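Trainee: With the sequence up front, the predicted model follows.
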Amino acid sequence: MSRHRTLAICLLPALGLAWIGWTLHSQAEIRTLFAPRFGRPETEFDVSAALFDGKPVADLLQTALHGSPQEREFAVFDLAEVHHGCGRLTMHSGDCGRPREERTRMLQLVRRGVLGPRARAILPTLLHTINDPVAKVRSATAYVFMEMEAEALSACDALMERLTDSDTETRLWSARALYSIRFETEAPIQCATDALLHDSNPRMRSMAAYNLELMGQDASPAVGALQQALSDPESDVRRQAQQALTGIR
């Protein structure tokens, strides 16, 4: 037997142990990264057994599809809470988003087909409601996709289409979601600057400026538009534009 073959045979057990160790580490990382923000890591999620506000999540999914317009809107919002691991409506304070490094790693894994069980359970319904005929339902869905971050990657094509939605709020939530999911910049910046400079509703102009603030230095192409917004007739818009500029610089 050759020396190289003998060496290879001797190394096989060590390589096997290393592979097992890497696999276990990888699986542990995945469980940790894809755990609900306010819950423990999970390997499965049964929508018939899991409860939200005392009712099965399966009922919530049906309401999001078949309820009245207001019921559909509220049910979609509740799905964000379900994704976060909450069993009832909860008012979260502050920014609950994950650090960028974690979001980047999650995006890499999602592109390889990894998804948490909660995301896998609610995505089919949300991919339907993003095209709901009622604007408030579409807007709520874009918000939930933003909250899901990388796990909503499969919604990006639909969200890109919503950037031309007739409803400004839906457009802005879709733009914010695209940045949250995969750090999309060009189209979300264009959407935000258009609303910032041209929308008649000061609340939407302020929201547009906040979209840009959330992007930090990635929103540097919008500096000119934000400087123009410093002359907006509404103080809230001017204040938000200044905050965005401060974040970029």
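Mentor: Perfect, thanks for sending it.
Trainee: Can you pull the phi/psi pair for the residue nearest to residue 245 when sequence neighbours are not counted?
Mentor: Closest residue to residue 245 in three dimensions, ignoring its sequence neighbours and counting by Cβ to Cβ, 6 or more residues apart in numbering: residue 226, at 5.0 Å. Heads up, the C-betas are built off the backbone N, CA and C, glycines and all. According to degrees, to the nearest 10, the main-chain angles of residue 226 amount to phi -70, psi -40.
Trainee: Look up how far residue 219 lies from residue 226.
Mentor: As judged by Cβ to Cβ, to the nearest Å, residue 226 and residue 219 stand 8 Å apart.
Trainee: Which residue ranges of this protein form helices?
Mentor: For the chain, helices defined by DSSP state H occupy the ranges 3-33, 57-66, 69-84, 100-111, 117-129, 135-148, 156-162, 168-182, 186-198, 202-215, 223-229, 235-248.
Trainee: burial of the residue nearest to residue 245, as a residue count?
Mentor: Using other Cβ atoms under 10 Å, residue 226 has 27 other residues around it.
Trainee: I'd guessed it sits against residue 210; true?
Mentor: No: shown here, residue 226 and residue 210 do not form a contact pair, counting by Cβ atoms under 8 Å, at 11.2 Å.
Trainee: anything in contact with each of these two?
Mentor: Taking Cβ atoms under 8 Å, 6 or more residues apart in numbering as the contact definition, residue 226 and residue 210 share the neighbouring residues residue 244.
Trainee: show me the contacts for the residue nearest to residue 245.
Mentor: With contact taken as Cβ under 8 Å, 6+ apart, residue 226 is in contact with 196, 209, 212, 241, 244, 245, 248.
Trainee: any low-confidence regions in the chain?
Mentor: Low-confidence segments of the chain (pLDDT under 70): 1-25, 91-96.
Trainee: returning to what we had before: gap between the residue nearest to residue 245 and residue 177?
Mentor: According to Cβ to Cβ, residue 226 stands 21 Å off from residue 177.
Trainee: can you check residue 217 too?
Mentor: In this structure, residue 217 lies at 20 Å from residue 177, with Cβ to Cβ as the measure.
Trainee: Which one's more surrounded, these two?
Mentor: Residue environment comparison for residue 217 versus residue 177 gives the larger neighbour count to residue 177, 28 against 8, counting by other Cβ under 10 Å.
Trainee: Tell me if I'm right that that one and residue 151 touch.
Mentor: No: checked against Cβ under 8 Å, the pair residue 177 and residue 151 is beyond contact range at 11.6 Å.
Trainee: count of neighbours near residue 69?
Mentor: Residue crowding around residue 69 was assessed by other Cβ under 10 Å; the count is 13.
Trainee: That one touches residue 139, doesn't it?
Mentor: No: between residue 69 and residue 139 there is no contact, the gap being 12.0 Å when judged by Cβ under 8 Å.
Trainee: I figured residue 240 was touching residue 209, is that so?
Mentor: Yes: under the criterion of Cβ under 8 Å, residue 240 lies in contact with residue 209, with a separation of 3.9 Å.
Trainee: Neighbour count: these two, which is higher?
Mentor: Neighbours per residue, other Cβ under 10 Å: of residue 240 and residue 209, the larger number sits with residue 209, 29 against 25.
Trainee: and that one, what does it touch?
Mentor: If a contact means Cβ under 8 Å, 6+ apart, then residue 209 has 192, 196, 226, 229, 237, 240, 241, 243, 244 as its contacts.
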